[in-house]
Each structure stands twice: as C-alpha cells, then as structure tokens.
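> next come a sequence and a model predicted from it.
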Amino acid sequence: MDFALDPDITDFAASIDSLLAKSDMPSVIRAWAAGDSAPGTAVWGRVAGTGAAALLVPEEAGGAGATAVEAVTALEVLGRHAVPGPVVESVMVAPRIAAALGGDSEFGDVAGGLAGGALASVAAPGVSPFAPDAHAAQYLWVVDDDEVFTGTADESRRSVDRARTVTTPSRGGRVAAHSTADLINHGAIGTAAQLMGLGQAMLTMSVDYAKQRKQYGKLIGEYQGLKHQLADVAIALEMARPLLWAGALAIAENPGDPEAAVRDVSAARVAVADAAYLSARTALQVHGAIGYTLEHDLGLWLTKTRALQTAWGTQSYHRGRVLDSLEAAR
C-alpha cells in the first residue's frame, strides 16, 4: 500500500513550522524555564490561530473535526521546535475529555475554549501520573478506571526538562465517563509525534555542527565513524516513522474501539522514543560537553527528549501492551 499525506496536511504543517521558525523558540523556552510563561502562551496563541489546537475538536463545537493523522502531523512540528507547555494534553487528550463532558458542562464550553487555545493538563495514575505545567493550564483533569475527575494541583516540581514542571494532582469530583485506554492512546501517539520532531531536530543540529567543527585540522563530519553514527540515527527515525503513521491511522479508523488501536499505538511509542533517545545521545557525542550546557540550545532539546521518555507510559509499559495485544490475538 502506498501511503502519502494529503498536500493540504503537509501545507498546514509547513505553515506551523514557518510560524515557529520566526518565534525565537530558544528564548521562549528559557523564559518558560525561568517562570515567565507569557512568551510561551503568546506563541501557543499564534499556533492556535493556525487551527492546530482545534484539530480534534468537533466541527459543531468550533473545531476542525480532523483525525489523529492530522494531529500527529502538527505535533511533530511542535516537537521539532520544542514548544513548551502541556502540548499533547491540550491537542490530543483534552478534546476527547471535552467530548465526554458535552457542550453544556459545568465548566462551560470546554471544546470551544480548547479550540481557541486554552491549555489543559491531564494525569493518568499508574500510567502517566504527573500532570505537566498545571500552572499554565486552564483545565486540569485526572483520568482513571474509565472515569474523568477534576484535578487540583499539588506542589509542583521541576522536571529534568527545566521548561517543564510536573505535579501529582489531587482527585476531585467525577465529571464524566470516558475510556482510559482511548485517552492513553491519544496521549501516547501525541508524545511519539513530539519525540519524532525532537529527534529530527537534534539530527539536523548534529549534521550542521559536524559540517562546521574541526579537529586536527579536519571537519569532524568527514570522519567515517561519525558518519556511521549519524546514519544510524537517520535510519532509526525513518524506520519508526511508518509505525507512527500506523498508530495514528489505527486511532482514526477505530474511533469507538480503543483496544483495536493499542498494539499499533504502543509499537509506535516504543520505536519513536528509542529513535529519539538515540538521536539525543548521538547529538551529545557529536557536540561534546558544550551540548549539555545551559548556554547551548541543544540542551533544551536533549532534556525535553529525556523528560518525554516516560510521558504517557514508560517503554516497559508500552512493550507490555504490545505483547498483551499479540497474545490476545493469538
């Protein structure tokens, strides 16, 4: 089967990429890490203006009524630019909760708020227990055992990614029923898309640096060993990409049966996270110690990649889901 994205989707992703390329993201990320979320929320407002925040919001609620395929396309670009904040929770998970709440919930027009750029943070005890950047979110929920509860942020602590805080929210009242597996699927595939973007960005940084840095009078990019390392990263990312699309398609084609998408989503999450982590390790080797300093931009991408390795399920958790799905099918 020949799979290719619709040109409208690629053009949409390119428009987001162009917007973020002009936004001086390293400065925005550093401001967020320093406690000033205003530049970051301003960027998010501009991203929402492109329609990215409304992708999974139904058309009748003011959204685009798109599928996980379009959302993954947008999230890969957001990952490539390391956009701070609860991005996956706002784009992928919260619209599903908003649909369960309905249009006349006690929280008002949640779907319309998300489409307009409101941020949301979500925790799933046992799988993804930490709610990211709850201080910047308008909505905070806890999902467990196929139910959705309000959340109250407890004391926040800084993640390994300095531009990311996490909290274990206290569970409040029940507000809706919704499949936890469906929300985990959306969170996991969204995180995988972010990691794909991060991995590609670090590979680009590494290649560019290898073309400029000299040792012993020779560009380091001319050394065969380093070429092999960068090629391994490129191969890992490209081999993981079809799994990413397969996971998104599985969600899109089984809207009422989240269990049918579990295997493909978790396989994508494992493959992409491994590839992104390889990209991060290789980037640090190529750049040397300067790549991990606060002064160098690469560190912003390295630490975000590390933080997202356990977001919406660890690698062991997702490997277990794949195994369980295969055994059930057998």
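In hand now; what should we look at? Note that this is a predicted model, so its numbers are computed, not measured.

> got the phi and psi for residue 149?
According to degrees, to the nearest 10, the main-chain angles of residue 149 amount to phi -120, psi 150.

> name the residues that touch the helix or strand encompassing residue 97?
Per DSSP states H and E: residue 97 is located in helix 94-101. Under the contact criterion CB atoms under 8 Å, 6 or more residues apart in numbering, helix 94-101 has outside partners 55-58, 61, 63, 107, 110-111, 114, 120, 122, 139, 141, 143, 148, 175-178, 182-183, 186. Glycine gets a C-beta too; all of them are placed from N, C-alpha and C.

> who does the helix or strand bottoming out on mean pLDDT in the chain pair up with?
Counting by mean pLDDT, DSSP states H and E, the chain has its least confident helix or strand at strand 214-215, which shows a mean of 72. In the sheet containing strand 214-215, its partner strands are strand 218-219 (antiparallel), by DSSP bridges.

> give the rounded mean pLDDT of the partner strand.
Mean per-residue pLDDT for strand 218-219: 80.

> what does stretch 198-206 give?
Stretch 198-206 comes out at a mean pLDDT of 97.

> still on that earlier bit, select only the buried ones of the contacts of helix 94-101 in ChimeraX?
Selection command for ChimeraX covering only the buried members of the contacts of helix 94-101, criterion 16 or more other CB atoms under 10 Å:
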select :55,56,57,58,61,63,110,111,114,120,122,139,141,143,148,175,176,178,182,183,186
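
> sitting in helices, which of the contacts of helix 94-101 do you find?
110, 111, 114, 182, 183, 186 (DSSP state H).

> let me have the residues you listed in JSON lines, extended by pLDDT and distance to residue 161.
Shown next, in JSON lines, are the ones in helices among the contacts of helix 94-101 (pLDDT from 0 to 100; distance: CB to CB, whole Å):
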{"residue": "110", "pLDDT": "92", "distance to residue 161": "27"}
{"residue": "111", "pLDDT": "91", "distance to residue 161": "29"}
{"residue": "114", "pLDDT": "94", "distance to residue 161": "23"}
{"residue": "182", "pLDDT": "97", "distance to residue 161": "27"}
{"residue": "183", "pLDDT": "97", "distance to residue 161": "22"}
{"residue": "186", "pLDDT": "98", "distance to residue 161": "21"}
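
> of the residues you listed, which is the nearest to residue 75?
Set against residue 75, the nearest of those by CB to CB is residue 186 (10.6 Å).

> the closest one contacts residue 75, correct?
No. Contact between residue 186 and residue 75 fails when scored by CB atoms under 8 Å: they sit 10.6 Å apart.

> okay, and the common contacts of these two?
With CB under 8 Å, 6+ apart, residue 186 and residue 75 have common neighbours residue 92.

> pLDDT score assigned to the residue nearest to residue 187 when sequence neighbours are not counted?
Distances taken as CB to CB, 6 or more residues apart in numbering place residue 312 nearest to residue 187, at 3.6 Å, with adjacent residues excluded. For residue 312, the pLDDT comes out at 97.

> also the one 3 residues further on?
At residue 315, the model reports a pLDDT of 97.

> which SSE is the residue nearest to it when sequence neighbours are not counted in?
Leaving aside its chain neighbours, residue 315 sits nearest to residue 270 (5.7 Å; criterion: CB to CB, 6+ apart). Here residue 270 sits within helix 262-287, counting by DSSP H and E.
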